[in-house]
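J.: Let's see this in three dimensions:
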Amino acid sequence: MFNVYGTGIIRFKLLVYDRWGEKIFESNDQLKGWDGNYKNSLCEQGVYTYLINYTTLDRKAHEKAGHINLIR
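T.: Coordinates of the predicted model:
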């Protein structure tokens, strides 16, 4: 399970993309993470890209990006 943790967040969006840039997961709920599935099927092992956009209590927008190694 890929979850994002933090406090003082008032807006949140998590996006996960496969190696071809296809969006395979999206969540606006910080408590809902990616479980390694896409359309109710297990994703292949490999590297996936994530993008997190969030706004903090001081109304500042932030963006974080990185990679997830999916291993089964």
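
J.: buried stuff in stretch 30-42?
T.: Gln30, Gly33, Trp34, Gly36, Tyr38 (16 or more other C-beta atoms under 10 Å). No exception for glycine: its C-beta is placed from N, CA and C like everyone else's.

J.: tell me how far it is from the chain's mean position?
T.: The gap between where stretch 30-42 is centred and where its chain is centred comes out at 9 Å by C-alpha atoms, centre = their mean, to the nearest Å.

J.: so is the residue with the shortest distance to the centre of the chain in a helix, a strand, or just coil?
T.: Closest to where the C-alpha atoms of the chain average out (C-alpha atoms, centre = their mean) is Leu14, at 3.6 Å. Under DSSP: H, G, I helix; E, B strand; the rest coil, the three-state class of Leu14 is strand.

J.: Look up the pLDDT of the closest residue to Thr56 other than its chain neighbours for me, please.
T.: Excluding the flanking residues, the one nearest Thr56 by C-beta to C-beta, 6 or more residues apart in numbering is Gly8, at 5.2 Å. Per-residue confidence (pLDDT) for Gly8: 95.

J.: Could you list the buried residues of the strand or helix carrying Ala65?
T.: In this assignment (DSSP states H and E), Ala65 forms part of strand 61-70. Buried residues in strand 61-70, counted by 16+ other C-beta under 10 Å: Leu70.

J.: That one packs against which elements?
T.: For strand 61-70, the helices and strands in contact under the criterion 3 or more C-beta pairs under 8 Å, 6 or more residues apart in numbering; DSSP states H and E are strand 46-56.

J.: chain center to the strand it packs on, what's the gap?
T.: Its chain's C-alpha centre and that of strand 46-56 lie 4 Å apart, by C-alpha atoms, centre = their mean.

J.: Run me through the strand neighbours of that strand, direction for each.
T.: Applying DSSP bridges, strand 46-56 is found paired with strand 9-17 (antiparallel), strand 61-70 (antiparallel).
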